[in-house]
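>>> Need coordinates for the below:
(one chain, ligands or ions: 1)
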Amino acid sequence: MTRFIYIADTHFGTSRMAYQQQQGYPEKLGSILSELDAWIRKDGEVDFVLHGGDMVNSATEANIRKARGAFRLSVPVYLCLGNHDLTAPDAVDMWLAEAPEFFPGKSPDYCLRFGDSIIHIVPNHWEEVPYYWNDKQEPHFRPHQIARLNESLRKYPDAVHLLSTHSPVFGIPVEQTGFGEAFHVPPPSFTRTVLDFVQQYPRVRCVLAAHNHVNTHVVEEGVHFVTVSSLSETPFEFRLIELGPGILKMSTVSLISRMDFEAKYDYNKTFVQGRKRDREFEEL
Ligand SMILES: [Fe+2]
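Prediction:
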């Protein structure tokens, strides 16, 4: 059994996030991560933390170096690079030099393998320049990423596979938001690419994403598509995922009661935390 924490969109290195859904406190990340680590130590059964991207607000050597220190927890931390982690053309080189332990494969694309479970870290691209983001929101995978995934999925046909990328695969459903139409919808081409992939490989059971700062859980083709709210925003939530032979389970945990500062919450936007079905599931 593998038990891990999934967090995202921490935006380390700023005191103001350009995009947020609830009030963000990235300047308090020291306290937030310290409470996360206290939770991990008390729980005692977490194997690692997977960060789904936008660990930092912008990619500079200083920011990455400081983030490496801030994210030194009691368990290993792995990162799937998000757009804000890639704001310099040489961002990947900086990450691999300054924080190599976040990338066990010495590459932004790698696998985490635990018994018969495999998590494929596949950071999507945004612009023509690979692994770089300026302002375009055109999520896509490159042929080398698809080839690598194909190879790995064929190599381990009996394993349970999870994908981790930064861009959501689906918009936030109207049933969750109450809006007139789906919110924060990715381009249809990205949705199609991922859906084609999971249809080809039924052993892919779950796709983890981030970027929208909202807890979502959409089930399509029998696959669980999950996003998580920003750990830096009230009420400081993370996903707890359990994966093992015949089990895939997710719950959502808030750290708000542990915080030593007053954090604002917008009760007009409770959709960010999601309904019960967006916050937990269990598949046996
Ligand atoms: Fe993002």
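
>>> Run through the strands of the stretch 101-250 of the chain in chain order.
Applying DSSP state E, counting those that start in this stretch to the stretch 101-250 of the chain gives strands spanning 110-114, 117-121, 160-164, 204-209, 216-220, 223-227, 237-244, 247-254.

>>> Which secondary structure elements does the first one sit against?
Strand 110-114 is packed against strand 117-121, with contacts defined by 3 or more C-beta pairs under 8 Å, 6 or more residues apart in numbering; DSSP states H and E. All C-beta atoms are positioned from the backbone trio N, CA, C, and that covers glycine.

>>> Show me which positions of the strand it packs on end up buried.
In terms of neighbour count (16 or more other C-beta atoms under 10 Å), strand 117-121 has its buried residues at 117, 118, 119, 120, 121.

>>> Around the ion, which positions in the chain sit nearby?
Residues of the chain lying near the ion by C-beta under 5 Å from the ion: 54, 82, 83, 211.

>>> How about the first one, nearest residue that isn't a chain neighbour?
Translated: residue 54. Nearest residue to residue 54, sequence neighbours excluded (C-beta to C-beta, 6 or more residues apart in numbering): residue 82, at 3.8 Å.

>>> got it, and the third one?
Once its chain neighbours are removed from consideration, residue 83 has its nearest residue in residue 133; the separation is 3.8 Å (C-beta to C-beta, 6+ apart).

>>> Tell me which residues touch the one you found, please.
Residues near residue 133 by C-beta atoms under 8 Å, 6 or more residues apart in numbering: 83, 84, 86, 87, 126, 127.

>>> Residue 183 now?
For residue 183, counting by C-beta under 8 Å, 6+ apart, the contacting residues are 171, 172, 177, 212.

>>> do residue 149 as well
120, 122, 163, 197.

>>> Quick check: the second one vs residue 169, distance?
If I follow you right, that is residue 122. Using C-beta to C-beta, to the nearest Å, one gets 12 Å for the distance from residue 122 to residue 169.

>>> and those two? which has more neighbours close in?
Between residue 122 and residue 169, counted using other C-beta atoms under 10 Å, the more crowded position is residue 169 (26 against 23).
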